[in-house]
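>>> could you look at this predicted model? Sequence included:
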Amino acid sequence: MVEDPAMSAREDILGRIREALRKPAPFPGHGHAPTAATTHSPAPPPAGARSNLHGSPVIPLRPSVAARPWLPPGGVTPAEQWDRFRTASTELKTAVEEFDSAEAAHARLRELAGEQGWSGIASHRAPLTDAALSALSALQLPTLLTDGGYPVNDMEKCSVGITECDALVAQTGSILVTSRSTGGRALSVLPPHHLVLARRAQLVPDLGTALEQAKARYAPHWPSMISFITGPSRTGDIERILVLGAHGPKQLTVFLLP
Amino acid sequence: MTAAHQFLEQARRITRDLRHRGLIQTALRKYEVKRDEKKLAFPDWESARQAAAEVKWDAINHLDSYLEEFVARLEARGTRVHWASTAAEARDAILGVVRDRKAKSIIKSKAMTAEEIHLNDALEKEGYEVVESDLGEYIVQLRHEPPYHIVFPAMHLTRDEISDLFHRELGSAQTREPEELTMIARRVLRQKYITADVGITGANFAVAETGMISITENEGNARLTAALPRTMITLLGIEKVIPALEDLALFLPMLATAGAGQTLTGYNTMYSGPRQPGEADGPEEWHVVLLDNRRTELLADPEQRDALHCIRCGACLNVCPIFRNVGGHTYGTAYSGPIGSVITPHLRGLKDWKHLSGASSLCGACTEACPVKIDLHHHLLQNRRNAVVEDAPVLERLAYRLFAVVANHPTLWQFAKELGRTFQPFHRWILRTKLDPAKAWTATRDVPPMAEMSFKEWWRTRQ
């Protein structure tokens, strides 16, 4: 039998790891006992605990998302959560605009298209974007839909990318997008302005909840990419001075719809 | 010239460069203000650190099973995984993919692991164009320099130097506006994205539970690198694994806060496969290269195993009095600062890199800053001990033996003291010259004169 070199590298590395792990390492905390911050216990995992593929014991290290009082809070009541989302957005320079009706939002879209002189729109098929695009159709702007593939050069010419989102995160002011539900990987980063159409009900308190929700919705058939977008593209690489629009959008706008 | 000589020589030059010092202090002061502000958003930063340390401990101490879980899930979704024991194997795996795809140009987003294995050199030697897309990395690439800092690659340059560089290399007009400079790079790199055949990325975390890698960035350059080219390659060290998806809810804000003084970085993206059926874009194929490169040797040292918990935030560099004075390039390593001084001797050999562990005041600022509680300054001390155990310098060993003999015999001690007192006045004649046997010490320090009368002699006069 011919030995597959790739296979042997795999076995070599795993072998070295197993050999190395025969000596136990002290638990973190510089010799101190585990704190109450985590529920670490070497006791057998409780029923329903995650098992891994190879049956080695999994230590239940993590309390549920709700029981992590040491992480930045996302707010308990909806009012608190909205307050955090707005504060974070202001700091990040994300524009958040709220509307009582889809019609009002569409009117504002037409206004923005004029103000910013949009020369083309990139978007994808979804209920909120479909309605927005038909409301914009009177402007007769070139419109690119990414569903099913698209030429990159055409998207490069678009002034704005209009997408839906999976969630808004109060804790960090983030927007969750995926390659399946929001028009692919490039739509939210290639055009110079990313405009998100979101429903108010999409606000979640924190990153943990957003990840839990995504897991419930997709696992195990995950979109190939899920991404938390937190503010417009930014860099501080030149003298630590903030510049927006390093590679991705210079502008990020969130329209909150009922 | 050995690495140790190079370190000393460069440190001597940089510590006297006041302009450099000013730049670094200003940049790091800005970072400190933001970091302290964002840390306050954590109701209990210490508990968050402990939790992060415990999750990483779990990951590293069950690395084999988590790695296998991660790889099995990746492969199940059509991703090709390459295991590389050495830097050369990782370079070969990547070169193999690039050759097979008949690629011409390659776009790359920031990856310290690629610096570690000198990937760009290897690709360029074979005639491929590799362009760094992170702004800071792009700037240092144009200067043919390695990154200065794990997180802030171009923090040692002023806007004027960058303007000159762009003017010379790209033919752009001179400007003092960081925004204009950024836009110049944006325009050039946009075209590179559109024409690149292959995109290479690093990874910040590898999630075992879901078979995902997670990339943290601010610019959107990694998002584009993973979106446009037909082939995507991701290079990561085996220690990047974390057990569960929800662990990201802890690590993403901690990495952003400790690393850059942000609540969360601009883009935190999880990839679980190449373009899937029904998706609009994304690479047709995705190769993930898992790199050992002697990480398993560090793993085999239980005392310092926690150094593999590192999430490469750079917080220990930012607070380190040595880093702040000698600068990032002086280290001559891919990973600089305290974490670099701890792990480089394991990755590249203690004999040639032990001097890094000597370049420390052992003040412990790094250990205190580390978001995953790596016991950095004690590891520096352990490296010093290991270096002596492994290979003590003959002269040093002789000197200590001689000292032990003298110190154990009062008459000899008395004699040595007399000798010192008699000859010290003559030392002044050769002080700090080539003839001075203590030059390494006296070059930057005064030698106090020995007392005219020792305590013992004084005591005798009192009797």
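Yep, it's here.
>>> tell me where the stretch 301-450 of chain B has strands.
Read by DSSP state E, counting those that start in this stretch, the stretch 301-450 of chain B holds no strands at all.
>>> which bits of it sit near chain A?
Residues of the stretch 301-450 of chain B found near chain A (CB under 8 Å from any CB of the partner chain) are B:302-303, B:305-306, B:309, B:372-373, B:375, B:378. Backbone N, C-alpha and C define where each C-beta goes, glycine included.
>>> can you do 7 Å?
Counting by CB under 7 Å from any CB of the partner chain, the stretch 301-450 of chain B comes close to chain A at B:302, B:305-306, B:373, B:375.
>>> how about the strands in chain A?
A:95-98, A:121-123, A:143-145, A:160-163, A:167-169, A:174-178, A:193-199, A:203-204, A:225-229, A:234-235, A:243-244, A:251-257 (DSSP state E).
>>> quick one: list the elements packing against the last one.
Going back to what we said before, that points to strand A:251-257. Packing partners of strand A:251-257 (3 or more CB pairs under 7 Å, 6 or more residues apart in numbering or on different chains; DSSP states H and E): strand A:95-98, helix A:102-115, strand A:193-199.
>>> what comes up buried for the longest one?
Of all the residues in helix A:102-115, those buried under the rule 16 or more other CB atoms under 10 Å in any protein chain shown are A:102, A:105-106, A:109, A:112-113.
>>> so which of the residues you listed comes closest to residue B:35?
Taking CB to CB as the measure, residue B:35 lies nearest residue A:112 of the buried residues of helix A:102-115, at 35.9 Å.
>>> report the separation between that closest one and residue A:135.
12 Å (CB to CB, to the nearest Å).
>>> again with residue A:94
Separation of residue A:94 from residue A:135 (CB to CB): 23 Å.
>>> the more surrounded of those two?
Each of residue A:94 and residue A:135 has its neighbours counted (other CB atoms under 10 Å in any protein chain shown); residue A:94 has more, 23 against 16.
>>> beta partners of the closest residue to residue B:204 other than its chain neighbours?
Leaving aside its chain neighbours, residue B:204 sits nearest to residue B:216 (4.6 Å; criterion: CB to CB, 6 or more residues apart in numbering or on different chains). Under the criterion DSSP bridges, residue B:216 forms beta bridges with residue B:268.
>>> what about residue B:431, how many residues close to it?
15.
>>> isn't residue B:49 up against residue B:369?
No - counting by CB atoms under 7 Å, residue B:49 stays clear of residue B:369, with 10.0 Å between them.
>>> what's residue 157 in contact with, if anything?
Going with chain A. Contacts of residue A:157 were listed using CB atoms under 7 Å, 6 or more residues apart in numbering or on different chains, and they are residue A:120.
>>> switch to chain B, please.
residue B:139.
>>> quick check, it in a strand?
No - Residue B:157: not assigned to a strand; according to DSSP: H, G, I helix; E, B strand; the rest coil it is coil.
>>> backbone dihedrals for it, please?
For residue B:157, the backbone dihedrals (degrees, to the nearest 10) come out as phi -120, psi 150.
>>> I'd guessed residue B:258 sits against residue B:311; true?
No - between residue B:258 and residue B:311 there is no contact under CB under 7 Å: 8.1 Å.
>>> ok, those two, which is more surrounded?
residue B:258 (26 against 23).
>>> list the contacts for that one?
Contacts of residue B:258 by CB under 7 Å, 6+ apart are B:313, B:315, B:371.
>>> cool, residue B:268 as well?
So residue B:268 contacts A:227-228, B:214, B:216, B:252 (CB under 7 Å, 6+ apart).
>>> now render the helices and strands packed on strand A:251-257 as CSV, adding distance to residue B:35 and mean pLDDT.
Listed next are these as CSV, based on distance: least, CB to CB, whole Å; pLDDT from 0 to 100:
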stretch, distance to residue B:35, mean pLDDT
strand A:95-98, 26, 98
helix A:102-115, 36, 97
strand A:193-199, 28, 98
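>>> what pLDDT does the model give residue B:262?
The model reports residue B:262 with a pLDDT of 97.
>>> next one: the one 10 residues further on
The predicted local confidence for residue B:272 comes out at a pLDDT of 98.
>>> before we move on, back to that, can you select the buried ones from the contacts of residue B:258 in ChimeraX?
Restricted to buried positions by 16+ other CB under 10 Å, the ChimeraX selection for the contacts of residue B:258 reads:
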select /B:313,315,371
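>>> filter the contacts of residue B:258 down to just the ones in helices.
residue B:315 (DSSP state H).
>>> on that earlier part again, do you know which of the helices and strands packed on strand A:251-257 lies nearest chain B?
strand A:193-199 (9.7 Å; CB to the nearest CB).
>>> which outside residues touch that closest one?
Taking CB under 7 Å, 6+ apart as the rule, strand A:193-199 contacts A:116, A:128-129, A:132, A:159-165, A:168, A:175, A:188, A:249, A:251-257.
>>> one more time with 6 Å
A:128, A:160-165, A:168, A:175, A:188, A:249, A:251-257 (CB atoms under 6 Å, 6 or more residues apart in numbering or on different chains).
>>> in terms of helix, strand or coil, where does residue B:214 fall?
Residue B:214 ends up strand, using three-state DSSP.
>>> now the closest residue to it other than its chain neighbours: how far from chain A?
Ranked by CB to CB, 6+ apart and with sequence neighbours excluded, the top spatial neighbour of residue B:214 is residue B:205, at 4.2 Å. Applying CB to the nearest CB, to the nearest Å, the value for residue B:205 to chain A is 13 Å.
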